[in-house]
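**Student:** quick one, fold the following:
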Amino acid sequence: MMNRIWSIDGKETSGDNGAVVKWDNEKFFHIELGENIFFGEVLEEATESNRLKLKINHRVFEVRKKGELDDLIAAMGLDKPKIKKLKELQAPMPGRIVNVAVAVGDSLEVGAEILSLEAMKMENVLKAEGIGIVKEINISTDDVVEKGAVLIEFE
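**Tutor:** Have a look, this model is predicted:
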């Protein structure tokens, strides 16, 4: 008997537990597990990447079948997302610095708030698009900056 590994909502599980899937048509199915019956629907199907989005008894699940190629990709370290290392933050537009949310020495992760810049009467929150450690802050609150000015440098 071949053991099948599946990932359901990011948690690995084995597929050999005695459940029986019966298809009503190409979109709807039901699962019989012992005395229990669960009703399901295929919401999205991506066969190239072995992924399904299913709704079972009004709950949505992301299901992915793990294959041999996945093991090879993981062994080579190619399954890790590439995260760029921050070098500097430049002003994307001219404006006034409203708030600086970091200090020298702070370690930033992707999505961390760095500062707020007011431009054309709108406040824009600039967030980290990579990882890094704040090395130098070249601005302070209420400074007016030009587009392209280096606001913060990272290690």
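
**Student:** surely residue 108 meets residue 127?
**Tutor:** No: look at residue 108 against residue 127 with CB atoms under 8 Å: they stay out of range, at 9.1 Å. Backbone N, C-alpha and C define where each C-beta goes, glycine included.

**Student:** who has more neighbours, the two?
**Tutor:** A direct count of neighbours by other CB atoms under 10 Å for residue 108 and residue 127 places residue 108 higher, at 22 against 13.

**Student:** how close does the nearest residue to the more buried one once chain neighbours are set aside get to residue 154?
**Tutor:** Nearest residue to residue 108, sequence neighbours excluded (CB to CB, 6 or more residues apart in numbering): residue 128, at 4.4 Å. Computed as CB to CB, to the nearest Å, the residue 128 to residue 154 distance reads 9 Å.

**Student:** overlap of the contact sets of the two?
**Tutor:** Counting by CB atoms under 8 Å, 6 or more residues apart in numbering, the common neighbours of residue 128 and residue 154 are 86, 108.

**Student:** returning to that earlier point: shared neighbours of residue 108 and residue 127, anything?
**Tutor:** With CB under 8 Å, 6+ apart as the test, residue 108 and residue 127 both reach residue 114.

**Student:** count of residues packed around the residue nearest to residue 108?
**Tutor:** 20.

**Student:** so it makes contact with residue 115?
**Tutor:** No: applying CB under 8 Å as the test, residue 128 and residue 115 come out as separate, 10.5 Å apart.

**Student:** break the protein down into its structural domains.
**Tutor:** 5-75, 88-154 (automatic domain parsing).

**Student:** shaky segments in this structure?
**Tutor:** 1-17 (pLDDT under 70).

**Student:** and the gap between the residue nearest to residue 108 and residue 82?
**Tutor:** For residue 128 relative to residue 82 (CB to CB), the value is 15 Å.

**Student:** now do residue 30
**Tutor:** With CB to CB as the criterion, residue 30 and residue 82 are 41 Å apart.
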